[in-house]
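Enquirer: give me a model of this one.
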Amino acid sequence: KDAKKIINLVINNNIQFIYYFCSPKILNKPNKSQIRTYHKIFEIVPSFLVKELSKREKINFFYPSTIFINKKNRYENDIYSEIKLHSENKLLKVKSENKNFNLYMPRLPRINTKQNLNILNIKYPSLIEVLNKDVKIQKLFLFRKWNGENTI
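Expert: Got it, this is the predicted structure:
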């Protein structure tokens, strides 16, 4: 609710790695209020955080998305995907303007979360199960390598 508190927490505790996993329930047909919430959570807050923090500190920002925001995998009028892609572009711009900011935006497979809409009762793996099976994603989460293939 207050991004400035997050900034102070990061600075005061010398936090260098931020894993941004914030998400409301993603709906197929969100109303105007829900769309405003998507903008705030996926675009406004992360953009504000990285702009402010990258001025002061070396920051490593992990901003994952689902593989389903790629155009070939999503519905034609998917608001979530449009907002998420727009936000990624804004974050890439911040990265291009600041050497203190490392950004990684992986496309994760569908995983089981509290936000899943799952009327077909499909059993998706947990994030831990995905990490246990995929060494490449494991390394990215651990930030062992912040150059070459693991940075954008």
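
Enquirer: so which bits of the longest helix anywhere in the chain are buried?
Expert: Longest helix in the chain by number of residues (criterion: DSSP state H): helix 79-97. If you call a residue buried by 16 or more other CB atoms under 10 Å, then helix 79-97 has these buried ones: 79-81, 83-85, 87-88, 90-91, 94-95. C-beta coordinates here come from the backbone N, C-alpha and C atoms, glycine included.

Enquirer: same question for stretch 58-67.
Expert: 59-66.

Enquirer: residue ranges with poor pLDDT in the chain?
Expert: Applying pLDDT under 70 to the chain picks out residues 1, 71-77, 114-120, 142-152.

Enquirer: show me where it has strands.
Expert: Remark: strands assigned in the chain by DSSP state E are 17-19, 59-62, 65-66, 101-104, 107-108.

Enquirer: let's have these in JSON lines, adding distance to Pro30.
Expert: Formatted as JSON lines, the strands of the chain follow (distance: least, CB to CB, whole Å):
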{"stretch": "strand 17-19", "distance to Pro30": "25"}
{"stretch": "strand 59-62", "distance to Pro30": "25"}
{"stretch": "strand 65-66", "distance to Pro30": "16"}
{"stretch": "strand 101-104", "distance to Pro30": "26"}
{"stretch": "strand 107-108", "distance to Pro30": "21"}
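
Enquirer: just put the buried residues of stretch 58-67 in JSON lines and tack on distance to Met105.
Expert: Below are these laid out as JSON lines (distance: CB to CB, whole Å):
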{"residue": "Ile59", "distance to Met105": "14"}
{"residue": "Asn60", "distance to Met105": "12"}
{"residue": "Phe61", "distance to Met105": "9"}
{"residue": "Phe62", "distance to Met105": "8"}
{"residue": "Tyr63", "distance to Met105": "5"}
{"residue": "Pro64", "distance to Met105": "7"}
{"residue": "Ser65", "distance to Met105": "6"}
{"residue": "Thr66", "distance to Met105": "11"}
